[in-house]
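Trainee: with the input below, show me the fold.
(one chain, ligands or ions: 2)
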Amino acid sequence: PPVIRREDYLPPAWLVPEVALDFRLGLDATKVVAKLSVARNPAGSGASTLRLNGDQIAPLAVRVDGLDVNDWRLDGSDLLVELNGEAHAVEVETALNPAANSQLMGLYASNGMLCTQCEAEGFRRITFFPDRPDVLSTYTVRMSGEKAQFPILLANGNCTASGEGEDGTHWAEWHDPWPKPSYLFALVAGDLVANHAEFTTMGGRKVDLNIWVRPGDEDRTQHAMDSLVNSMKWDEEAFGREYDLDLFNIVAVSDFNMGAMENKGLNVFNTRYVLADPETATDGDYDAVEGVIGHEYFHNWSGNRVTCRDWFQLSLKEGFTVLRDQLFSADMGSEAVKRIEDVRVLRIAQFPEDSGPLAHPIRPDSFQEISNFYTATIYNKGAEVIRMMRTMAGLERFRQGTDLYFERHDGEAATCEDFVKAIEDGARLDLTQFRLWYSQAGTPQVAAEMAHNGTQTVLKLTQTVPATPGQPEKQAMPIPLRVALFDRDTGTHSGEQLIVLDKDSQTFTFDGFTQPPVLSINRGFSAPVAIEFERDSADLVFLAAHDDDPFARYEAMQGLVVQHLVAAVSGKLDDAARAEGRAAIGEAYGSVIADPALDDLMRGELMILPAETYLAEQLPVSDPGAIHAEREALKAWLGRELAAPLKALHDRAVAVAYSREAAARGARKIKTQALVLIACSDPAEGARRAFAQYQAADNMTDRQGALMVLASLDAPERETALADFHDRYEGNALVIDKWFSLQAGALNPKVLEHIAALAQHPDFTMTNPNRVRALYMAAAANPKAFHDASGEGYRMIGDLIRRLDPINAQTAARFVPSLGRWRRIEPVRAAMMRAELERIAALPELSRDVREQVSKSLG
Ligand code: B3K
Ligand code: ZN
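Mentor: Ligands and ions are numbered 1, 2, ... in the order given. Coordinates of the predicted model:
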């Protein structure tokens, strides 16, 4: 497949200032007439050929300035039309079968309704068009269809006219005044009901808000609506951004490749990020709804008003919008907890990507299939990179930078360079060297050494940016590190400093300590780097108890466990060292459980042990079996050692009544965490408590937590609870997804058998991405299933990719990276993982999506 390169960018030869689309809707036959007013781009090549991209469609008729033409040509799937003048009207007809569209890109059917997904290149599956984000057009959309089947007809912008047609049909016309790229086009037709609200913007504009769902689901939309209103208000206050249409529609669909899509004025959402009530959604689900509603809304400015010049600039909108949604969620809840969660996601999802065969800079230089680049690197590392600019500039100057960015580039298709330049000018920062963060992949490793002499403390920092595919040599990058030095006796520090490491190696001197201070570094995770600093457990126990930066406190807890488990799996622990390491962890854990100054949400964060994938990242090559065994052994030890305080914690949390308040959410979080550890050390007691929690539950957080614990146990309560859960929620797709996920993610000895049986369950289907992910993403992330020594887990994921690829290539490709990590895994398993990739690569028919990921993973 051809490689597309960033450096080959050329402006479009033709622009399309206006588009009129006419849809005659049918589930298995939809007719589309597209009228494009095209004009030569003064900044273009001057070519007379108009190139209109297409994918799996055929031109039924082509007209230029009202006349049928037949001198058009096809180049691959693109339609080429020769044009002589400066401006023309080009009309193309296409016919689609939405019901047969299992890829869920373009126009497709879901549960009897029709909807679209165009980003990145789905619009070309609807009609022929210059399907690239730097072609901005004003859209007018007319659609007609059976009124009974599609009572609600929606598109971008405002509804300008509607009426009844013949034979039970009706029609609607929509107009979006804001020029937009084709990837932001959307249309929805179906039997939908709305939760309606109103929002008045800071400029006094009244906006109608609708959240459209299938009849029966409307009672579960209030949290999404509250989140939308909060997002609109927050963006005005935090970024000065006001909404710009009189209408904002959100539609929930159950078949969706991703989380949601920011189409102008008509966001389309995966139901899982819209529907929530206490009975069916966990606290985590509530947070995810708030975060994604915010994210898509914030795209209205960072993405829609200012869009991307080309797909290499994807992080321009995604990195920035993720940062915006992170700041929003932090403001709505606990800033400290949100920061810890965001760093955990980065470490679990992005660090392994950055150290593997698919590593790429946040602004990639090339791709084969853009859908493969909606990655944790573009999104989450992209957010971290912008967050660093914010940290260096300070909040006020950063805001001046973003104001300048929006002002300068409103209505444009911009580049990452435009963004950096605007921050540079607006925030008055020199970002010359900082631009390396956009071009270099790989997680910088920062080694720290401390020396103390008299009253002087010298901190020596050395950075290395690891080699990544195509980038063997790296340059030093500016790394902003928030640091504080603690006095051991007083347990305090005299102020935090921001130091910027911008050379390979640098020393920083601090004065005034009569004894060696305790270093707290990368506080708040001010830079997305890995810090290597050998230190005594005593120092980590000290920071875990005393650090006033909540992230640093969490980090000290993590550090204690990481040091211990890495030493354990590397065979570096004798019995005495193991006992000593556990004692330090037990002590820190014990104080976290007991500390009255901690709220339970934060306590819950501090109790989370480092993930196995993060532990694996610490080693050049690791044995997942050994990591799993050591981590489980530590959990069981903690459960035994802290049995009494954990049971007391569980009892205390059980007594807290359900509410959405922070205190009650915190209680639910630690409730299940305590339960997990109790079950690890005493399965019978764990099963008893879990079953009681399950039966008493009046909310999904408690019910799911209890069921998760039971699913991992070999106890009679397991089957009873699983059967009850299925009966209770039969027909509720999102909750049945949980039922699949919990079993596939369980640390049960028979988990592979269970997964095989679930794949045959009547509720399982390969055509619904949520269901596929519920079963197989959970399986691929479950060390006990995926890394089973037999290699059966690898075979299961390999088989899935082969079977899913022809149905839904985008979703299939998402499973490749788990197998792609083989180089970092011990040789016996690595060979089996590699063999699965080779089996896939040998297939004659593979999507571009899977082909790219597999060949990069093998190469
Ligand atoms: N912009 C969409 C992503 C669509 C990707 C399609 N392959 C969701 C988001 O980031 O908001
Ligand atoms: Zn986004």
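Trainee: tell me the buried residues in stretch 689-700?
Mentor: For stretch 689-700, a neighbour-count test (16 or more other CB atoms under 10 Å) marks 689-691, 693-694, 697, 699-700 as buried. C-beta coordinates here come from the backbone N, C-alpha and C atoms, glycine included.
Trainee: ok, now stretch 756-767?
Mentor: Those would be 758-759, 763-764, 766, for stretch 756-767 by 16+ other CB under 10 Å.
Trainee: so Asp504 sits against Lys460, correct?
Mentor: No. Under the criterion of CB atoms under 8 Å, Asp504 is not in contact with Lys460, lying 11.4 Å apart.
Trainee: domains for the protein, by residue range?
Mentor: 1-190, 445-533, 534-637, 642-710, 730-859 (automatic domain parsing).
Trainee: for ligand 1, give me its nearest residue in the stretch 451-600 of the chain.
Mentor: Pro528 (19.1 Å; CB to the nearest ligand atom).
Trainee: just to revisit the earlier point, including mean pLDDT and distance to ligand 2, could the domains of the chain go into CSV?
Mentor: CSV is the format used below for those (pLDDT from 0 to 100; distance: least, CB to the ion, whole Å):
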stretch, mean pLDDT, distance to ligand 2
domain 1-190, 98, 9
domain 445-533, 97, 19
domain 534-637, 97, 24
domain 642-710, 98, 26
domain 730-859, 98, 15
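Trainee: for the stretch 1-150 of the chain, which residues are neighbours of ligand 1?
Mentor: Contacts of the stretch 1-150 of the chain with ligand 1, taken as CB under 6 Å from any ligand atom, map to 119-120.
Trainee: how about the secondary structure of Gln103?
Mentor: For Gln103, the secondary-structure state derived from DSSP: H, G, I helix; E, B strand; the rest coil is coil.
Trainee: could you say which helix or strand holds the nearest residue to Ala662 once chain neighbours are set aside?
Mentor: Nearest-residue entry for Ala662: Leu601, 6.0 Å, with adjacent residues in sequence omitted and distances by CB to CB, 6 or more residues apart in numbering. Under the criterion of DSSP states H and E, Leu601 resides in helix 600-606.
Trainee: from the rest of the structure, what touches that helix?
Mentor: For helix 600-606, the external contacting residues (CB atoms under 8 Å, 6 or more residues apart in numbering) are 333-334, 336-337, 340-341, 544, 550, 553-554, 557, 592-593, 595, 598, 653, 662-663, 665-667, 669-670, 673.
Trainee: find the closest residue to ligand 1 in this structure.
Mentor: Counting by CB to the nearest ligand atom, the chain gets nearest to ligand 1 through Glu119 (4.1 Å).
Trainee: verify the stated contact: that residue with Ala186.
Mentor: No. Under the criterion of CB under 8 Å, Glu119 makes no contact with Ala186, lying 9.9 Å away.
Trainee: quick check: residues of the stretch 251-400 of the chain near ligand 2?
Mentor: With CB under 5 Å from the ion as the criterion, the stretch 251-400 of the chain meets ligand 2 at residues 318, 321.
Trainee: show me where pLDDT drops low in the stretch 251-400 of the chain?
Mentor: Along the stretch 251-400 of the chain, segments meeting pLDDT under 70 are nowhere present.
Trainee: which residues of it fall in helices?
Mentor: 283-298, 314-332, 335-345, 351-354, 376, 382-393, 395-409 (DSSP state H, counting those that start in this stretch).
Trainee: Arg773 falls within a helix, correct?
Mentor: Yes. Counting by three-state DSSP, Arg773 is part of a helix.
Trainee: apart from its chain neighbours, what residue comes closest to it?
Mentor: Thr811 (7.3 Å).
Trainee: okay but Ile627 is in contact with Ser570, surely?
Mentor: No. Judged on CB under 8 Å, Ile627 makes no contact with Ser570 at a distance of 10.4 Å.
Trainee: can you list residues touching both of these two?
Mentor: When CB under 8 Å, 6+ apart defines a contact, no residue borders Ile627 and Ser570 alike.
Trainee: look at these two and report which has more neighbours.
Mentor: Ile627 (24 against 13; other CB atoms under 10 Å).
Trainee: which SSE is that one in?
Mentor: Per DSSP H and E: helix 624-641 holds Ile627.
Trainee: before I go, just wanted to say thanks for your time.
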